[in-house]
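Enquirer: need coordinates for the below:
(one chain, ligands or ions: 1)
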Amino acid sequence: MNKHILSHIIHSKKAGKKLLAILLDPDKVDLSEVPVLAQKITANADFIFVGGSTVSNGDTEKLVNELKAHTTIPIVLFPGDYSQITKHADAILFLSLLSGENPEYLIKQQLKSVPFLQELPLEIIPTGYILVHGGTETSVQKVSNTTPIDAGNILRISHTALAGMYMGKQLIYLEAGSGAKSPVNINIIGAVRKELSIPLIVGGGIRTKEQLNDAYNAGADIVVIGTAFEENNQLLDNLYT
Ligand code: 1GP
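Expert: So this is what the prediction gives:
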């Protein structure tokens, strides 16, 4: 199996290079804007994640195809449902929602995706997905019908991340939820980072350069930004200045 993207992430972690992923939701992106968005993302970010809680495969495929025509950076599926799997992406975060106890997102969705993944050349990246309470009820919480871990329960969060690593996950994703009022706290990121030897992704509610740098300094290897870029595609122009 192709492992280029995961190798790149691991190599960057070893070299201390922080990575940025921009999340595009096919439900929210107007295809006519893709050339401009792709140009901005390509100049400033390392990956495009594509996914949403309520998207159909057709919309995902159209967005991925349009992005492919305008960027060379890797496109990684971040599916809310197995039906969003589409062949033209480069990789898929093969998620298990470890913070919840809903079998649909622990094994059933994964099982339903197998016939598609068997046929497609996607790099499959086993990812432990941990939802942390971010101050508001987010769509991932509603759709997955799970309760996020309380942000004060750092021990539970880091034990969940470790359980994921012991199960063989190659990445851990700490998620406050799209549009979260508060991003994952730096104390949580630091505590999880201290325990893990695998790369750590952090996303949800990150809107400013300060929040981005706080997440990196606390130990995130990849930060994901979705809503703030959707609302203002000039955001990336100011992120590194
Ligand atoms: C959501 O972590 C991602 O799954 C990004 O969150 O939309 O709040 O940036 P935002």
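Enquirer: what comes into contact with the helix or strand hosting Ile188?
Expert: Per DSSP states H and E, Ile188 falls inside helix 186-195. Helix 186-195 is touched from outside by 132, 151, 154, 157-158, 161-162, 172, 174, 200, 202, 214-215, 217-220, with contacts defined as Cβ atoms under 8 Å, 6 or more residues apart in numbering. The C-beta positions use only the backbone N, C-alpha and C, and glycine is treated the same way.
Enquirer: run the angle between the longest strand along the chain and helix 186-195 for me.
Expert: Using DSSP state E to define each element, the chain has its longest strand at strand 123-131. Going by axes from the mean of the first three to the mean of the last three Cα atoms, to 10 degrees, strand 123-131 is angled at 130 degrees with respect to helix 186-195.
Enquirer: what helices and strands are in contact with strand 123-131?
Expert: helix 4-15, strand 91-97, helix 139-144, helix 154-167, strand 171-175 (3 or more Cβ pairs under 8 Å, 6 or more residues apart in numbering; DSSP states H and E).
Enquirer: and it, how far out from the chain middle?
Expert: Distance of strand 123-131 from the chain centroid (Cα atoms, centre = their mean, to the nearest Å) equals 8 Å.
Enquirer: what's the answer for stretch 91-110, then?
Expert: Put simply, stretch 91-110 sits 13 Å off its chain's centre (Cα atoms, centre = their mean).
Enquirer: which one of the residues in the chain is closest to the ligand?
Expert: Going by Cβ to the nearest ligand atom, the ligand is nearest to Gly203 of the chain, at 2.4 Å.
Enquirer: and the residue lying closest to that residue once chain neighbours are set aside, how many neighbours?
Expert: Nearest non-adjacent residue to Gly203, counting by Cβ to Cβ, 6 or more residues apart in numbering: Val224, 3.2 Å away. By other Cβ atoms under 10 Å, 24 other residues sit near Val224.
Enquirer: ok, Ile201 next?
Expert: 25.
Enquirer: which residues of the chain lie near the ligand?
Expert: Within the chain, the positions near the ligand by Cβ under 6 Å from any ligand atom are 23, 175, 178-180, 203-206, 224-228.
Enquirer: where are the low-confidence patches of this protein?
Expert: With pLDDT under 70 as the threshold, the chain has low-confidence stretches at 1-2, 55-57, 240-241.
Enquirer: please repeat the previous calculation with a cut-off of 90.
Expert: For the chain, applying pLDDT under 90 flags the ranges 1-3, 52-59, 87, 134-140, 233-234, 236-241.
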